[in-house]
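> Sharing a model prediction with you, sequence too.
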Amino acid sequence: MVAPLPPLADAPIYQLPSEILLEIFAHAIWSVIPMSALAISHVCHLWRQLIIQCPYHWSRMCLRVDTRAPHLLAKRWLRLSADLPLFIEIDFEPTWRNVPATSRSDAFVVLREPDDIEDETEGEGESLEGEGEKVRDHRSMATRFALALKGSMGRWQEFSIRAKQAALSDFFRVCSGCTPNLKRLSASTDDEGGRFWTPSIQFELPPDSASTSIDVSFGNRVFSIPGPLFGNAVRNLSIDILLLDSRYDVTEPLFAALAACPNLVGLSVRQKFGSSGSSPQPRLPVTLQSLTSISIISVPEIGDILGLLQLPSLQSLQLHNFTWGHSMTTALEDLFNHCRSLSIVDLIGHALGNEANLLELVSSVDIILTQIKELRITGDAHIAARFLTRLVLPSVEVLCLEDVELELAFRLTNTSHHLTSFTLHRARAAAPNTATTTSRVSFPSLKSLETLNSSNFINHIHAPDLKSLVVKTENEESLGPCLLSFFDDSNPPLLTLNMDTVRMSPRHFVACFKKLPSVETLGLQNTNVSDIVLEELSMVPRRVAIEGAKAPEPIEQGCLLPRLREIYWLYNHFRSPALATFLESRNAALAAEICRVSGASRVPHRRIEGKVGFIRGRHVEGNDEEVIKSFGIHIVRPIII
């Protein structure tokens, strides 16, 4: 029989001080859950009385049009928030996923509670009871929202609205005026029929707003920027373009918005769908003197846009999903030559058809980028090889290259003595009749190296201070000898080694591990490491295990990877008994060593931790799972490979 529940007021949650409860409520209200304040106020009388008296919890207004009487709810919310700054989110296209239909009217029910909310009457004669059915006319509701919120515009700190074209027009036509405290503005529309329409926002700032800073984001359209005072205050502008008609010229409203925001610091432009087939129209360049960061993703006219922007203070440049071409390389060259403060460059470009001779360049003068610290060039970078060969990077510290010839990789890395992190994916063999590097290239400051199908690069470098190595392959047969040669030459003090899809003989695995006594973290994913390799890793000096504290020599002199502390071994070829034996032997021997050195009678903590996963068909046998988990190793679910 179920024991009777204690009286509600005696529950432990009600014994907490009000300050603690309000702190707990804040975590829910400032989450992504809409109308959390209303939900909390609807739990019980005690919670309602507490939260109703706390304006802070009503300063975030999440309003959805499919809540009954939402404009009346907004009015009540404004009163409960007292005079605090407001964070308002209005959604005319709500997505109530996983929310029962009955719970959507909770706001209406809470509004009618007689113990905390009095009846309200609209100025035009509407009563609360008269709003029993949801208002389906979004244009009418947009006007009501605007009338309800207009008087509080001086308190707006963050404002977000999502609606179709007609509702947006009605809202901003009524809700216009001064927003002196606005810090963040977000507006988006889902109306596909408005593809040739530029939404207009009628917000203003007071004359003494020179120090005001506003972040603005537009969704699916390029909105027009309010007056000059507002435009001068915009510091960060983010635009997501939903383009479904090739006749729509994105650049026209985009440049109008940029010209209206001369003090921009950050700019992000992303196109979601479609492609623009319009020809670029002649226009004057736009100077953004303070812009330090720009990100442009999937915009076909990216080269034309960059060519018309003057960015003397640019520090970070991110260009993704563009097509390499003459306009693109010309714009990049101009940027590189004039933006002397540029320090971070991230380029992902693609080829369009057979473009072997696409980027024949007239100039062969080196482009010296003295301030570049991070450079990432991925995608079909080989198309731009003639352009990239001209780059000189004397200060680069982080370099990521993909799909370039090996000689180009050596050229770009050779110009810097500060390189600490290098990633090279799918290095191409040198073209016929091209001079190739035969001696080893030294990287004295390199700390981190990641390669994919680039074993030839490893075979030609000297990195004596390397701490982290990630090796990914797609069936490179020469990898084993290349790694051994590199370890012999560089003798790196590796702390982390990750191997992904590596195929080597057990002899090569063991030989590599013998040369890495300092490794503490070992990752093996989808390799052919077998029981034989784990047996070698399990080998420990017998007298340490038997004699314990009397062992005269440290354990480091008797096993592979003696400092190993973490393992991430997923979907390799070894079986569970070999893994269990490895963990038992290594942890037991290392425990004895700790006791011998410290004089303690017990081991204070486990020495090897991490997670393992077995390929399907290699089930955990017998009690191996219990043994493996007893050492703090997490077993992940197998997958089909």
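Nice, thanks for sending it over.
> what about the stretch 201-350 of the chain, any weak spots by pLDDT?
243-249, 273-282 (pLDDT under 70).
> How many residues are close by the nearest residue to residue 398 once chain neighbours are set aside?
Excluding the flanking residues, the one nearest residue 398 by Cβ to Cβ, 6 or more residues apart in numbering is residue 374, at 4.1 Å. The C-beta positions use only the backbone N, C-alpha and C, and glycine is treated the same way. The tally of other residues near residue 374 (other Cβ atoms under 10 Å) stands at 15.
> name the helices or strands packed onto the host helix or strand of residue 626?
In this assignment (DSSP states H and E), residue 626 forms part of helix 624-630. Contacts defined by 3 or more Cβ pairs under 8 Å, 6 or more residues apart in numbering; DSSP states H and E place helix 624-630 against helix 576-598, strand 633-636.
> So for the shortest one, what gets flagged as buried?
What that stands for is strand 633-636. 633, 635 (16 or more other Cβ atoms under 10 Å).
> Show residues contacting that strand.
567, 570, 583, 608-614, 620, 625, 628-629 (Cβ atoms under 8 Å, 6 or more residues apart in numbering).
> Recalculate using a threshold of 6 Å.
Identification of contacts with strand 633-636 by Cβ atoms under 6 Å, 6 or more residues apart in numbering yields 611, 612, 613.
> Okay, now the sheet partners of it, with direction.
strand 609-614 (parallel) (DSSP bridges).
> Pull out the buried positions in the partner strand.
610, 612, 613, 614.
> Pairing partners for the last one in the sheet, please.
When bridges are taken as DSSP bridges, the partners of residue 614 come out as residue 572.
> Give the burial count for residue 409, as a bare number.
Residues within reach of residue 409, counting by other Cβ under 10 Å, total 24.
> List the residues that contact it.
401, 424, 427.
> go with 8 Å
So residue 409 contacts 401, 424, 427, 457 (Cβ under 8 Å, 6+ apart).
> ditto for residue 80
Applying Cβ under 8 Å, 6+ apart to residue 80 gives the contacts 52, 55, 58.
> From residue 321, how far off is it?
Separation of residue 80 from residue 321 (Cβ to Cβ, to the nearest Å): 46 Å.
> Please apply the same query to residue 374.
Taken as Cβ to Cβ, the span from residue 374 to residue 321 is 19 Å.
> For the closest residue to residue 627 other than its chain neighbours, grab the count of nearby residues.
With sequence-adjacent residues excluded and distances taken as Cβ to Cβ, 6+ apart, residue 627 is closest to residue 580, at 4.4 Å. By other Cβ under 10 Å, 24 other residues sit near residue 580.
> Residue 574 is in contact with residue 615, correct?
No: applying Cβ atoms under 8 Å, one finds residue 615 not in contact with residue 574, separated by 9.9 Å.
> More neighbours: these two, which one.
Neighbour count, other Cβ under 10 Å: between residue 615 and residue 574, residue 574 has more, with 24 against 16.
> For residue 519, see how far away the more buried one is.
18 Å.
> Ok, residue 90 next?
55 Å.
> same question, residue 291
Residue 291 is 44 Å from residue 519, by Cβ to Cβ.
> and these two? which has more neighbours close in?
residue 291 (27 against 22).
> list the contacts for that one?
Contacts of residue 291 by Cβ under 8 Å, 6+ apart are 264, 265, 266, 267, 311, 313, 314.
> Redo these as TSV? Include secondary structure.
TSV is the format used below for the contacts of residue 291 (DSSP: H, G, I helix; E, B strand; the rest coil):
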residue	secondary structure
264	coil
265	coil
266	strand
267	strand
311	coil
313	coil
314	coil
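> Okay, and residue 329 sits in which element?
helix 326-338.
> Which SSE is immediately downstream of that helix?
Using DSSP H and E, the first helix or strand after helix 326-338 is strand 344-350.
> got the CA positions of that next one in PDB?
Taking Å, rounded to 0.1, in the frame of the first residue of the first chain, the C-alpha atoms of strand 344-350 are listed here in PDB:
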ATOM      1  CA  ILE A 344      43.000  35.000 -38.400                       C
ATOM      2  CA  VAL A 345      41.900  33.700 -41.900                       C
ATOM      3  CA  ASP A 346      39.600  30.700 -42.500                       C
ATOM      4  CA  LEU A 347      38.800  29.800 -46.100                       C
ATOM      5  CA  ILE A 348      36.800  26.900 -47.400                       C
ATOM      6  CA  GLY A 349      36.500  27.100 -51.200                       C
ATOM      7  CA  HIS A 350      35.400  24.700 -53.900                       C
END
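> ok now whatever helix or strand comes next after it, how far from the chain's centre?
Using DSSP H and E, the helix or strand that directly follows strand 344-350 along the chain is strand 367-368. Strand 367-368 has its C-alpha centroid displaced from the chain centroid by 31 Å (Cα atoms, centre = their mean, to the nearest Å).
> So in that sheet, which strands flank the helix or strand following strand 367-368, and in what orientation?
Heading C-terminal from strand 367-368, the first helix or strand you meet, by DSSP H and E, is strand 374-379. Take DSSP bridges as the rule and strand 374-379 pairs in its sheet with strand 344-350 (parallel), strand 398-402 (parallel).
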